[in-house]
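1. sequence and computational prediction follow.
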Amino acid sequence: MQVMQSRVVPLEEGKDPGVTTGRTSPTKALPIRLLQLFVLFLAFCITFSVIRIYTIRHFGISNVMTSVTSSIQPCFEEPTGLDRWIKPPSNLMHTMNDKELLWRASLTPRRKDYPFERVPKIALMFLTKGPLPLAPIWERFLKGHQGLYSIYVHSLPSFQPHFPASSVFHKRHIPSQDHSILVAFGNDTKFKKRIEVVAEWGRMSMCDAERRLLANALLDISNEWFILLSESCIPLYNFTVVYEYMKKSKYSYMGAFDDHGPFGRGRYNDNMAPEVYITQWCKGSQWFEVNRKLAITIVEDTKFYPKFEEFCRPACYVDEHYFPTMLTIQAGSMLANRSITWVDWSRGGPHPATFGRGDITEDFMKRMLESHRCTYNNQNSTMCFLFARKFAPSAMEPLLHLAPKFLGF
């Protein structure tokens, strides 16, 4: 019984000692598997090499590289053609200081012909401390004339504008200027403090702000006429009339006259010579219009600026003398010697009258627009002013009501 049991167990396990099976031991199977993988890898490498050699011979290596790199697009690509020079800055907020900005703005092409279709634009430059309460009037004035104007606003550095994206004033503020000064504290400890530079009436900081506006506007090569305005200004005609007036004019509009009284020559300092002699000393309105050539003359000036900065201080109000005197000396034949901004001095005092809601009547509008005499392109004209000031915020509602009848918009 023991012999029979020993035979049955091997048969049940399938291990008949008289039969040789084909199963290979694990130690012999591993080298065969590695050899198969190596052969497959070698075949793949040979196939890839053949395809690569064929492609390079028939299409060139540059095309292969192009097909690989062309699918990778940069997030921002700086223009390398003419657009780099003729497109206005997409963002008015830059990091240039005044010295860098004036240098950049003074660059100008020597050739008079343009290699593209240039549409000249009016640059409206608003010099203000903060808000623009009469903005709705300007919005209506400019509606439908995109591409024919640019807007630049200079305010205090601390002012944060909040115009909707649909407004013509949206993102049109330029960088104003502040400075760092060293301040003594405690035991000779010094630290830097940021101070806000305010454009003060009658001081050089006012002219600095005006030059800053001009320089930023000059960065757009299509800007041809540069008009300085305040937050209290309004247009007196519709945009088409103003544009044609500027386009056809032979002159720029900056008042410049010789005042022999105490508020003219009486402000002259003998130290201004030899750059400026008393016979060249001029006075004029702060609110002006200049063409592109004169705007460049203003921002590139390094000859007259130091003299006016040092020797024209209150009671010499530099914003009334610097530009009129310099431009009369440099390019007097290009000036009409009058302003195109109407003001009312009839109430007396150091500043013109300010008009509020109660002042804006039909009779007032007629008086503001009529009874004027001047010359335009050396011909007598009754159309002398294109803008007016000073208007209080309360004047906006009646002005908007009367504008269609009297102002044409």
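-> It's in. Keep in mind that what you see is a predicted model, and the values were worked out from it rather than measured. Residues are numbered from 1 along each chain as shown.
2. for this structure, what are the low-confidence residue spans?
-> 1-31, 52-79, 178-198 (pLDDT under 70).
3. now do the helices in the chain.
-> For the chain, the helices defined by DSSP state H occupy 2-12, 26-59, 61-69, 83-86, 98-105, 135-142, 204-218, 239-248, 292-299, 305-311, 322-331, 362-369, 396-406.
4. so can I have CSV of those helices showing distance to Val343 and mean neighbour count?
-> (Glycine included, C-beta is placed from N, CA and C.) What follows is those, written out as CSV (distance: least, Cβ to Cβ, whole Å; neighbours: other Cβ atoms under 10 Å):
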stretch, distance to Val343, mean neighbour count
helix 2-12, 122, 8
helix 26-59, 74, 10
helix 61-69, 63, 11
helix 83-86, 37, 11
helix 98-105, 29, 16
helix 135-142, 17, 18
helix 204-218, 17, 23
helix 239-248, 18, 16
helix 292-299, 22, 20
helix 305-311, 23, 17
helix 322-331, 16, 22
helix 362-369, 10, 14
helix 396-406, 16, 15
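5. closest one to Asn337 among these?
-> Of all these, helix 322-331 sits nearest to Asn337, with 8.4 Å by Cβ to Cβ.
6. so what's Ser381 bridging to?
-> On the basis of DSSP bridges, Ser381 takes part in beta bridges with Cys374.
7. so it sits right up against Ile340, yeah?
-> No - with contact defined as Cβ atoms under 8 Å, Ser381 does not count as touching Ile340 (11.5 Å).
8. circling back to that earlier point, adding distance to Lys121, write the helices of the chain out as TSV.
-> Output for those, formatted as TSV (distance: least, Cβ to Cβ, whole Å):
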stretch	distance to Lys121
helix 2-12	103
helix 26-59	49
helix 61-69	40
helix 83-86	12
helix 98-105	16
helix 135-142	12
helix 204-218	9
helix 239-248	9
helix 292-299	10
helix 305-311	27
helix 322-331	22
helix 362-369	26
helix 396-406	23
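9. what's the closest of these to Leu148?
-> helix 239-248 (6.1 Å).
10. what residues are up against the residue positioned nearest the centre of the chain?
-> For the chain, the residue nearest the mean C-alpha position is Leu92 (2.9 Å; Cα atoms, centre = their mean). Contact analysis of Leu92 by Cβ atoms under 8 Å, 6 or more residues apart in numbering lists Tyr152, Lys171, Arg172, His173, Ile174, Pro175, Asn216.
11. state the number of residues packed around the fourth one.
-> Spelled out, that is His173. Neighbour count for His173, taken as other Cβ atoms under 10 Å: 21.
12. returning to what we had before: more neighbours: which of Ser381 and Ile340?
-> Ile340 (26 against 13).
13. over to the more buried one: give its phi and psi.
-> phi -110, psi 10 (degrees, to the nearest 10).
14. surely it meets Ala388?
-> No - checked against Cβ under 8 Å, the pair Ile340 and Ala388 is beyond contact range at 9.8 Å.
15. related to what we said a few turns ago, of the helices of the chain, which is nearest Met254?
-> For these, proximity to Met254 was assessed by Cβ to Cβ; helix 322-331 is nearest, at 6.0 Å.
16. packing partners of that closest one?
-> Contacting helix 322-331 under the criterion 3 or more Cβ pairs under 8 Å, 6 or more residues apart in numbering; DSSP states H and E are the following elements: helix 204-218, helix 292-299, helix 305-311.
17. now those in JSON lines, with distance to Ser158?
-> Listed next are those as JSON lines, based on distance: least, Cβ to Cβ, whole Å:
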{"stretch": "helix 204-218", "distance to Ser158": "15"}
{"stretch": "helix 292-299", "distance to Ser158": "25"}
{"stretch": "helix 305-311", "distance to Ser158": "25"}
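18. what about stretch 159-172, distance to the chain center?
-> 13 Å (Cα atoms, centre = their mean, to the nearest Å).
19. could you do stretch 243-251 as well?
-> On Cα atoms, centre = their mean, the centre of stretch 243-251 falls 24 Å from that of its chain.
20. what lies in contact with that stretch?
-> 120, 122, 145, 148, 224-225, 237, 289, 334-336, 376-378, 383, 386.
21. what's the most distant pair in those?
-> So, the contacts of stretch 243-251 by Cβ to Cβ: farthest apart are His145 and Asn378, at 28.6 Å.
22. out of the two, which sits in the more crowded spot?
-> Neighbour count, other Cβ under 10 Å: between His145 and Asn378, His145 has more, with 16 against 9.
23. how near is the nearest residue to that one once chain neighbours are set aside to Glu231?
-> Among residues not flanking His145 along the chain, Phe239 sits closest, at 4.8 Å (Cβ to Cβ, 6 or more residues apart in numbering). Phe239 sits 19 Å away from Glu231, going by Cβ to Cβ, to the nearest Å.
24. before we move on, what about Glu224?
-> As judged by Cβ to Cβ, Glu224 and Glu231 stand 24 Å apart.
25. for the stretch 51-200 of the chain, which segments count as strands?
-> Secondary structure of the stretch 51-200 of the chain (DSSP state E, counting those that start in this stretch): strands located at 121-127, 149-154, 178-185, 189-196.
26. and the shortest one, C-alpha only, in CSV?
-> The reference is to strand 149-154. Extracted as CSV, the C-alpha positions of strand 149-154 are listed here (Å, rounded to 0.1, in the frame of the first residue of the first chain):
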residue,chain,number,x,y,z
TYR,A,149,-7.6,114.0,-30.7
SER,A,150,-5.6,112.8,-27.8
ILE,A,151,-6.1,113.6,-24.1
TYR,A,152,-3.5,114.1,-21.4
VAL,A,153,-4.2,115.0,-17.8
HIS,A,154,-1.7,116.3,-15.2
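27. how far is that strand from where the chain is centred?
-> For strand 149-154, the separation from the chain centroid amounts to 8 Å (computed by Cα atoms, centre = their mean).
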